[in-house]
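Participant: Need a 3D model of the following:
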Amino acid sequence: MSQSERRTALRQQRRRERLRQLWRFVVFTATAAGLGYVLLRQGWVLSSPDQVDVIGSRQVRREQVIQAAGLRFPLPLLTLQPARIAADLSTALPVDQVQVQRLMAPPRLRVQLVDRRAVARAQRRGPQGAEAGFVDHRGNWMTARQQSGAHSDADLGLQVQGWQSQYRPALALVLSRRSQLGPALEGIRFEPDGSLWLETASLGAVRFGPLDERLGRRIDVLEHLLRTLPQQLKGRPLQAIDLGDPDQPEVSLPGAVKPAAPDSNRP
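Facilitator: Coordinates of the predicted model:
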């Protein structure tokens, strides 16, 4: 065989090898795609509500989770978005935390919930008049039924009066700073005009005034007064405390009204 014929034969051999490799790739890709399709459509599918596991909650049922998440069966597991489902459940259900996981073997959807915890008793004005309930640490309203099925703090002596949804951010801030005020805080009251009052064991009612950006500052000043004012009063009764202007708090004694003069350590 001449050199030219050998080169031709070599080129043909390489061409046949490339065709075989291409064919193997096509077969492998088609097989993988077919297997993936079968697993997606037939294997990793939620075919019934029984494949949704709801754990951690004492009050939310599986049916409520399925309805709140908008699940319709059969449902390919891989098409689910756990983050979106968690966000929908957090909005629709009386829960504090939500975690959603897809489990492949066997195919299941696991939903782990943490119930809201009641931290205070509450009262609001409803269509039928005064309505009693509870609030969680974020200021969300909880019905008596929700509280009875959920964990709650042992001490629910704190009372919130005049709850409305627009007051929730301010209420959440006060509740988050509750440890700063200690057991002296006994009540939180929202007036119809939106002004805030705090009831304290040692200083009585304290006017906080409007719900503005100085709310945190007022809490700091009240914490200071709770520590220092009882010693300064030495048993004398108080008429009122006004923290509407937290930089110039007013303490009213019977028969006199004057600005409080905290010491130089005031926050």
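
Participant: the helices in the stretch 1-150 of the chain, which residues?
Facilitator: Applying DSSP state H, counting those that start in this stretch to the stretch 1-150 of the chain gives helices spanning 3-38, 62-69, 82-92, 144-149.

Participant: Deepest-packed of those helices, please.
Facilitator: Of all the helices of the stretch 1-150 of the chain, helix 62-69 has the most neighbours on average by mean count of other CB atoms under 10 Å, namely a mean of 17. The C-beta positions use only the backbone N, C-alpha and C, and glycine is treated the same way.

Participant: same for that helix, what does it pack against?
Facilitator: If you count contacts as 3 or more CB pairs under 8 Å, 6 or more residues apart in numbering; DSSP states H and E, helix 62-69 packs onto strand 52-55, helix 82-92.

Participant: mean confidence score for the longest one?
Facilitator: Helix 82-92 comes out with an average pLDDT of 94.

Participant: Run the chain-centre distance for that helix.
Facilitator: Distance of helix 82-92 from the chain centroid (CA atoms, centre = their mean, to the nearest Å) equals 11 Å.

Participant: same deal with stretch 51-58?
Facilitator: Relative to its chain's centre, stretch 51-58 lies at 18 Å (CA atoms, centre = their mean).

Participant: Could I get the buried residue list for that stretch?
Facilitator: Using 16 or more other CB atoms under 10 Å as the test for burial, stretch 51-58 gives 51-52, 54, 57.

Participant: Pull the residues that contact it.
Facilitator: With CB atoms under 8 Å, 6 or more residues apart in numbering as the test, stretch 51-58 has contacts from 46, 60-62, 65-66, 71, 95, 106-115, 149-151.

Participant: For Val174, state which of the buried residues of stretch 51-58 is nearest.
Facilitator: Nearest to Val174, judged by CB to CB, of the buried residues of stretch 51-58 is Ser57 at 27.2 Å.

Participant: For the helices of the stretch 1-150 of the chain, give me TSV that also has distance to Gly187.
Facilitator: Listed next are those as TSV, based on distance: least, CB to CB, whole Å:
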stretch	distance to Gly187
helix 3-38	61
helix 62-69	33
helix 82-92	29
helix 144-149	18
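
Participant: In terms of mean pLDDT, which of the ones you listed ranks lowest?
Facilitator: Among the helices of the stretch 1-150 of the chain, helix 144-149 has the lowest mean pLDDT, at a mean of 71.

Participant: Report the strands that pair with the helix or strand following that helix, each with its relative direction.
Facilitator: Going down the chain from helix 144-149, the next helix or strand is strand 159-161, by DSSP states H and E. Strand 159-161 has these partner strands in its sheet, going by DSSP bridges: strand 118-126 (parallel), strand 185-190 (parallel).

Participant: wait, what's in contact with the residue nearest the centre of the chain?
Facilitator: Against the mean C-alpha coordinate of the chain, by CA atoms, centre = their mean, the closest residue is Asp96 at 4.7 Å. Applying CB under 8 Å, 6+ apart, we find Asp96 in contact with 114-117, 136, 138.

Participant: Next: Leu158.
Facilitator: Neighbour list for Leu158: 119-121, 178, 185-188 [criterion: CB under 8 Å, 6+ apart].

Participant: and if you look at Pro246?
Facilitator: By CB under 8 Å, 6+ apart, the neighbours of Pro246 are 214, 217-218, 220-221.
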